[in-house]
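[1] Sequence isn't available, so here's the structure alone:
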């Protein structure tokens with residue numbers, strides 16, 4: 001044995017008080033461990049984890065596996081703020097509260113916080129969008145993308161899933177192109193030279209890291225510079241076997257602690273420990289925008305929301321949508337404690353109603369005169385002011401208030417059906433903020449801001465009628481609806497949708513209108529590029545990929561696709577009519593189609609179209 005290890009062992013054993021007495025099988029193996037591993041072993045025993053070593057054989061048997069065990073312990077210890085000691089202590093406290101049935105909101109009274117409710121297309125909305133574009137060059141984006149698409153019925157990473165199949169643009173490409181368009185538009189508003197690059201951090205997991213990197217590399221980062229994008233990988237946390245927070249061994253490997261995801265709240269600790277926040281601050285970043293992986297509408301809401309943050313000086317701005325009372329979406333709520341503490345946070349829908357009833361609101365969570373709950377619906381998109389964010393994380397190291405949700409075997413709450421773990425949510429960041437922090441919200445119409453893709457066809461088909469499906473089918477149809485409604489607001493005659501059923505989901509089918517973010521980021525861009533007397537029939541498809549494409553007296557009944565470089569100015573006018581592209585029903589169980597089509601319930605039959613490509617600068621006109 002190395003002399004340093006012997007010295008370390010003698011330091012740890014004081015007289016007859018043997019620190020490893022509770023784990024005799026570990027004690028036999030101390031000679032194979034490094035001094036650092038011995039420190040980790042001592043820490044585990046001090047925290048009541050001797051059971052982890054009860055099966056260890058003599059030295060010389062499975063030694064490599066024993067060392068591998070401590071490599072995992074070292075990783076788990078390093079990736080959690082405060083290490084495994086903090087994790088175990090937090091777990092014991094939360095498990096005790098869970099067993100006792102303690103209400104996390106005990107002593108708090110809910111009220112409606114202050115925030116902005118926006119109306120798409122009015123003067124205030126357009127002013128806020130312009131302000132948001134100006135501020136975009138001072139922003140950084142954080143995309144939380146640790147999950148696979150298994151719940152969707154899709155085996156790949158969700159970022160690789162097409163947000164719609166008219167163009168086949170995947171979610172990640174759409175997000176990157178939107179950020180690049182914001183970057184260009186913001187720099188145009190800057191006096192003098194502007195070379196701002198809006199940074200993008202993507203939080204990945206063991207499941208998504210390699211495929212996310214491969215997706216970026218195989219598409220040349222979708223036009224972003226490689227140093228503009230940074231991937232931060234989230235580690236999992238140890239599972240808990242019982243109310244005493246004893247760590248659970250992996251059922252398939254007795255030399256491995258079972259682990260599960262900790263939740264997207266880890267993004268704050270990762271940003272803090274990576275040092276990226278201070279780099280951003282030094283480069284002039286003022287705002288950090290957090291978003292999740294499958295909301296194809298989000299960037300339609302970002303300019304105005306960022307404008308709200310800038311004008312109101314919000315430290316935290318939660319993007320929100322109107323929510324119906326008791327709808328299965330959390331509500332942004334101001335909580336005031338009996339001791340005077342206040343916080344503005346998301347309260348889950350199953351907690352909001354009982355909390356209101358317990359604090360004098362006899363009817364609980366009910367709609368007000370607007371037809372919606374006064375508590376806006378949380379969509380997990382946050383805008384944080386960077387200076388205050390760094391200040392807060394320097395105190396907390398990015399640790400977010402956690403919760404535990406054990407599944408008990410019976411009413412005694414003494415044992416679990418299966419191991420559990422602590423979890424945390426990104427949107428719980430404001431829980432630790434001082435009362436002086438300016439925390440607000442921005443409410444947008446759901447048709448403009450929120451159409452997540454998370455449910456597989458079978459689950460979506462079971463959603464009660466009138467509630468959102470949140471499926472690949474509804475997510476795609478929502479994009480067409482939003483683009484149609486925006487053009488309608490700009491004066492285009494857009495035909496009414498027809499109702500159809502795909503994969504058991506009844507949806508509105510609007511004209512399939514798509515445009516690249518560089519064509520129009522905000523409503524005033526659309527108004528500048530849509531001139532007079534335009535109409536689009538319900539069966540039509542229009543794809544615009546080009547910055548300077550104008551609609552002037554266009555009557556479309558069929559399909560038109562325009563691809564134009566930025567130096568080409570194209571005017572679409574007159575009548576365009578052809579057989580177009582047709583949506584054809586398919587069954588999600590039909591494995592002859594790719595998964596990304598099956599989960600929608602339709603494919604596109606491209607019967608006839610007009611495709612125009614403009615690769616040279618100049619002025620062009622289509623139509624009579």
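    Yes, it's here. The model shown is predicted, which means the values in this text are computed figures rather than measured ones. Numbers count the residues shown, from 1 in each chain.

[2] Show me what the one helix or strand residue 125 maps to is in contact with.
    Residue 125 is part of helix 123-135 when elements are defined by DSSP states H and E. Here helix 123-135 makes contact (C-beta atoms under 8 Å, 6 or more residues apart in numbering) with 118-119, 182, 185-186, 189, 286-287, 302-311, 521-524. C-betas here are computed from N, CA, C, even on glycine.

[3] Show me what whichever strand or helix holds residue 336 is packed up against.
    Per DSSP H and E, residue 336 falls inside strand 331-337. Contacting strand 331-337 under the criterion 3 or more C-beta pairs under 8 Å, 6 or more residues apart in numbering; DSSP states H and E are the following elements: strand 108-111, strand 342-347, helix 349-358, strand 377-385.

[4] Which strands border the shortest one, and is each parallel or antiparallel?
    Using DSSP bridges, the strands paired with strand 108-111 in its sheet are strand 331-337 (antiparallel).

[5] returning to that earlier point: for the helix or strand just after the helix holding residue 125, what is the distance to the chain centroid?
    Sequence-wise, the next helix or strand downstream of helix 123-135 (DSSP H and E) is strand 139-144. Remark: strand 139-144 is offset 10 Å from the chain centroid, using C-alpha atoms, centre = their mean, to the nearest Å.

[6] now swap in stretch 429-439 and tell me
    Offset of stretch 429-439 from its chain centre (C-alpha atoms, centre = their mean): 21 Å.

[7] ok, now stretch 561-576?
    Using C-alpha atoms, centre = their mean, the offset of stretch 561-576 from its chain centre is 35 Å.

[8] Name the residues of that stretch that come out as buried.
    561-564, 568-573, 576 (16 or more other C-beta atoms under 10 Å).

[9] List of residues touching that stretch?
    518, 541-558, 560, 609-624.

[10] which among these end up buried?
    518, 541-549, 551-558, 560, 609-610, 612, 614, 620, 622.

[11] still on that earlier bit, so which of the contacts of stretch 561-576 sit within helices?
    Assigned to helices by DSSP state H, none of these qualify.

[12] Make sure I have this right: residue 499 is in a strand.
    Yes - remark: residue 499 belongs to a strand, assigned using DSSP: H, G, I helix; E, B strand; the rest coil.

[13] Residue 508 versus that one, what's the distance?
    Here residue 499 is placed at a distance of 6 Å from residue 508 (C-beta to C-beta, to the nearest Å).

[14] These two: which has the busier surroundings?
    Taking neighbours as other C-beta atoms under 10 Å, residue 499 and residue 508 compare with residue 508 leading, 15 against 8.

[15] give me every residue that touches that one.
    Shown in contact with residue 508 (C-beta under 8 Å, 6+ apart): 477, 481, 497-499.

[16] And it, which helix or strand is it part of?
    strand 505-509.

[17] what pairs with that strand, and is each one parallel or antiparallel?
    Sheet pairing of strand 505-509 (DSSP bridges) gives strand 498-502 (antiparallel).

[18] Do you have the helices of the stretch 1-150 of the chain handy? List them.
    3-12, 24-28, 35-46, 63-79, 83-100, 123-135 (DSSP state H, counting those that start in this stretch).

[19] Can you pull out the low-pLDDT segments for this protein?
    Applying pLDDT under 70 to the chain picks out residues 1-17, 193, 624.
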